[in-house]
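1. just a sequence and a predicted model for now, questions to come.
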Amino acid sequence: DEGYMSHPVLGMSTCCPTNLGTGMRGSGHILIPKLIAKIGFEGIDKVARSMNCQARGSTGEHSEGIDRVDISNWRRLGYPEYNLVEDMIKCVNVISQMEDEIED
């Protein structure tokens, strides 16, 4: 038994399936210290997931969001690239607006 996926014509699959085909991940880092302090990283991720996106720490998956976060599209396969980028841009704009609405 092999520990890898294989296909008799296509060969070996040695990457995460979400990186195959149009499994595009677009992301943007945004500086949102007030929003992180107000609703926390989990709250930001909840907002992002409601918009087909996800929040990650600014140094990668499973890292902390101290003053900035990485927002990326959550959906990967089965959608046109423009929809995936559009998801991310809309989410970044909403979260940035939430940050701007918090008084100092």
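-> That came in fine, so what should we check first?
2. any idea which residue is closest to the centre of this protein?
-> residue 72 (2.4 Å; Cα atoms, centre = their mean).
3. by mean pLDDT, flag the weakest helix or strand of the protein.
-> strand 11-13 (a mean of 67; mean pLDDT, DSSP states H and E).
4. looks to me like residue 34 is in a strand.
-> No - read with DSSP: H, G, I helix; E, B strand; the rest coil, residue 34 is helix and lies in no strand.
5. how many neighbours does it have?
-> 16 (other Cβ atoms under 10 Å). C-beta here means a position set from N, CA and C on the backbone, and glycine is covered the same way.
6. which residues does it contact?
-> 99, 102, 104 (Cβ atoms under 8 Å, 6 or more residues apart in numbering).
7. I'd like to know which of the residues you listed are buried.
-> By neighbour count, with 16 or more other Cβ atoms under 10 Å, those hold residue 99 as buried.
8. mind putting the contacts of residue 34 into TSV with distance to residue 91?
-> Output for the contacts of residue 34, formatted as TSV (distance: Cβ to Cβ, whole Å):
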residue	distance to residue 91
99	13
102	17
104	24
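9. need the contacts of residue 34 in JSON lines (columns: distance to residue 52 and pLDDT).
-> Listed next are those as JSON lines, based on distance: Cβ to Cβ, whole Å; pLDDT from 0 to 100:
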{"residue": "99", "distance to residue 52": "20", "pLDDT": "96"}
{"residue": "102", "distance to residue 52": "24", "pLDDT": "93"}
{"residue": "104", "distance to residue 52": "31", "pLDDT": "80"}
